[in-house]
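S.K.: give me a model of this one.
(chains A and B)
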Amino acid sequence: MSETPSSTAIASCHTCGLAHSMPPLEPGKVALCTRCGSRISKRTRGSLHLTAALSLAALILYVPANVFPILRMEIYGARTENTVWQGCQRLYHDGDWFIAAVVFLASIFIPLVKLLGLFMLVFTSWLHLRSGKRWRMWTFKFIDTIGRWAMLDVFVVAVLVSLVKLRRLATIMPGKGLFAFCCVVVLTLLASACFDPRLIWNRSEDSH
Amino acid sequence: MSDAAKNDLPRPKIKRMRWPVWLIWIVPIAAAIIAFIYYRDYRHEHAKEITIHFANAEGLKPGETVVSHLGVEIGAVSSLELSQDWKSTLVHVQLHRSAEDIAKQGTIFWIERAELSAQNISGLTTVISGPYIDCIPGRGQPASEFKGADEKPIILGPGLRMMVHSDRLQHVQRNSPIYFRGIQVGVVEKVELNQNASGVDIHLFINQRFRELVRASSKFWIEKGIDFSGGLFSGVKMNVESLRALISGGIAFATPDSKAAPAQDGSSFPLNDEMKEDWQKWKTDIPLPPETFDDQNAPGSQTSTGPKKVE
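M.R.: Purely as a prediction, here's the structure:
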């Protein structure tokens, strides 16, 4: 069930653009560009494995990332711990509904949509689904575009923690959930980078 | 494109993959382990929920107010509500796993707030951080419903519980110190009118270590704190017991010798208004037991920051 074209095809290197004639690849082999040495073919089953595994890992950690507080503030000994959702609510109640919406979209909604979209793509590619290719391609582009806006608040927290170190008076510390949060960010980035969009089209080319 | 043209193109280098693809499934397994650690941590911190009834829960905040014992955090307030008759409050507390055994019958919870009064200045840290709930562990059966104390209990631990009588209450309050040769050996536990309102009963607590000092022949008097006496030729004489006694007064006692029997729990003595000169000259010769860990935490000891230990 190799996804590589069974007959010799032409593939160009992603990095330097040199065209190669591709022989069929056995599982567990990779083709490297003769000029620059980068990998040409990602069209192996590996892409699906990578995306599925990383997305699953991200989805698992998505739960603690949102259940546990990501930010912990201590001001004069009084402390508050905030999860992302509590932060959104607080912002909304303070009247900053725009920021609340941005935080909600960037930290809760988009990561989830992205992960579910990736799962959908992996699953349909795995089934070699023929229909809805355009729609799936659009999904991939969408995920790729919004993905870079996901989970901005990690950076917000990082900046806050480093800025607000008033020592005795007030401290802002990363909460327990932040580790999971960061993992989710990195894992979703990797997962969408690992997905090869050619898998969406590939099978139909094989079959005729 | 013709086959000939295809063959003109360079052929890629074919290499074995360094890692088998399935190795990537270690990542979600690791993620699951991390998630499990999170879950265990959560369980650890939310081991047992208890409910404490307080007359007033002013200043308590869900998620922020902590429950501590001996300065160690053992839980946090999770939510607050009014009782059904609207006369008291129910404070729900999540205890950490390591401390869930503290929730037993007999455990006393109270809200530690800043206290600024003539006889006591305590809990100053709570001015800024807000009140917290402190407790003294009990030894009964595990329980989850508690009645919170209105104020910090004074007397804890073993010791002599006795009474002195006076016509009227002066210079003495709840929590006033009891001195022997100027050293604090106990506190006033309770002050109340006696049954026919003819006088005042002052309940005293003497630490276990010092209970032998109280004999049937002991004399108790009021330590007024500051004592002025002046005469035309003698000048002004000022006598101050201690700063704390200066503000709130206290009770002092002296024992002539060890011949009389040690006082029993519940025994009572008269409280004199004045100390007689010769009481101070008594050379008491009573051996004290060595200081134990319990004594360090008992009221009246020098290191005490408040009663913390219960026996």
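
S.K.: ok, the nearest residue to B:F210 once chain neighbours are set aside to chain A distance?
M.R.: Nearest residue to B:F210, sequence neighbours excluded (CB to CB, 6 or more residues apart in numbering or on different chains): B:V185, at 3.9 Å. No exception for glycine: its C-beta is placed from N, CA and C like everyone else's. Applying CB to the nearest CB, to the nearest Å, one obtains 35 Å for the distance of B:V185 from chain A.

S.K.: look at B:V185 and report its pLDDT.
M.R.: Listed pLDDT for B:V185 reads 87.

S.K.: ok but it is inside a helix, no?
M.R.: No - read with DSSP: H, G, I helix; E, B strand; the rest coil, B:V185 is strand and lies in no helix.

S.K.: ok, B:K259 - how many residues close by?
M.R.: The number of residues packed near B:K259 is 9, by other CB atoms under 10 Å in any protein chain shown.

S.K.: was I right about it contacting B:S217?
M.R.: Yes - counting by CB atoms under 8 Å, B:K259 does reach B:S217; the two are 7.3 Å apart.

S.K.: so what's the residue nearest to B:F210 up against?
M.R.: B:178-179, B:206-207, B:209-210, B:213, B:300 (CB atoms under 8 Å, 6 or more residues apart in numbering or on different chains).

S.K.: from the residues you listed, which land in strands?
M.R.: B:178-179, B:206-207 (DSSP state E).

S.K.: show me where chain A has its helices.
M.R.: Assigned by DSSP state H, the helices in chain A fall at A:45-67, A:84-93, A:97-104, A:110-126, A:133-147, A:153-163, A:177-194, A:198-207.

S.K.: what's the pLDDT at the residue in chain B positioned nearest to chain A?
M.R.: Per CB to the nearest CB, B:S129 is where chain B lies closest to chain A, at 3.2 Å. B:S129 carries a pLDDT value of 73.

S.K.: next one: B:I33
M.R.: The model's pLDDT for B:I33 equals 92.

S.K.: can you tell me which helix or strand it belongs to?
M.R.: Using DSSP states H and E, B:I33 maps to helix B:26-45.

S.K.: can you list the residues that contact that helix?
M.R.: By CB under 8 Å, 6+ apart, helix B:26-45 touches A:53-54, A:56-58, A:60-61, A:63-64, A:67-68, A:176, A:179-180, A:183, A:187, B:94, B:96-98.

S.K.: filter those residues to the buried ones?
M.R.: A:53-54, A:56-58, A:60-61, A:64, A:67-68, A:176, A:179-180, A:183, A:187, B:94, B:96-97 (16 or more other CB atoms under 10 Å in any protein chain shown).

S.K.: tell me what B:F220 is bridged to.
M.R.: Per DSSP bridges, the residues bridged to B:F220 are B:F253, B:L271.

S.K.: ignore what I typed, I meant A:M73.
M.R.: Going by DSSP bridges, A:M73 forms beta bridges with A:T80, A:I172.

S.K.: from A:N82, how far out is it?
M.R.: 8 Å (CB to CB, to the nearest Å).

S.K.: okay, now the domains of chain A?
M.R.: Domain segmentation of chain A under automatic domain parsing yields A:1-43, A:46-201.

S.K.: please identify the deepest-packed of the ones you listed.
M.R.: For the domains of chain A, average neighbour numbers computed from mean count of other CB atoms under 10 Å in any protein chain shown are highest in domain A:46-201, which has a mean of 18.

S.K.: ok so B:L288 is a helix residue?
M.R.: No - using three-state DSSP, the secondary structure at B:L288 is coil, not a helix.

S.K.: just the helices in the stretch 1-150 of chain B please.
M.R.: B:3-8, B:26-45, B:125-129 (DSSP state H, counting those that start in this stretch).

S.K.: looking at those helices, which is nearest to A:L115?
M.R.: helix B:26-45 (12.2 Å; CB to CB).

S.K.: could you list the low-pLDDT ranges of chain B?
M.R.: B:1-7, B:18, B:116-123, B:125, B:154-157, B:225-248, B:292-311 (pLDDT under 70).

S.K.: which residues does B:E192 contact?
M.R.: Here B:E192 is in contact with B:200-201, B:203 (CB under 8 Å, 6+ apart).

S.K.: name the SS class of it, please.
M.R.: strand.

S.K.: any figure for the gap between A:A100 and chain B?
M.R.: Taken as CB to the nearest CB, the span from A:A100 to chain B is 20 Å.

S.K.: that residue reaches A:Q86, doesn't it?
M.R.: No - A:A100 is not in contact with A:Q86 according to CB under 8 Å; the separation is 11.2 Å.

S.K.: can you tell me the centre-most residue of chain A?
M.R.: Of all residues in chain A, the one closest to the mean position by CA atoms, centre = their mean is A:T188, 2.1 Å from it.

S.K.: not counting its neighbours along the chain, what's nearest it?
M.R.: A:A58 (4.8 Å).

S.K.: quick one: residues contacting the one you found.
M.R.: A:111, A:115, A:183-184, A:187-188, A:191, B:31.

S.K.: surely A:I40 and A:C33 touch.
M.R.: Yes - contact criterion CB under 8 Å: A:I40 and A:C33 qualify, at 5.5 Å.

S.K.: common neighbours of those two, please.
M.R.: Joint contacts of A:I40 and A:C33 (CB under 8 Å, 6+ apart) are A:13, A:20, B:12.

S.K.: any idea which of those is closest to B:F269?
M.R.: When those are compared against B:F269 (criterion: CB to CB), the nearest one is A:C13, at 102.0 Å.

S.K.: what sits against the closest one?
M.R.: A:19-20, A:33, A:35-36, A:38, A:40.

S.K.: now with 7 Å?
M.R.: Going by CB atoms under 7 Å, 6 or more residues apart in numbering or on different chains, A:C13 touches A:20, A:33, A:35-36, A:38, A:40.

S.K.: backbone phi and psi for it, please?
M.R.: In terms of degrees, to the nearest 10, the main-chain angles of A:C13 are phi -70, psi 140.

S.K.: from B:L9, how far out is it?
M.R.: 11 Å.

S.K.: need the overlap of contacts for the two.
M.R.: Contacts common to A:C13 and B:L9, judged by CB under 7 Å, 6+ apart, are A:H20.
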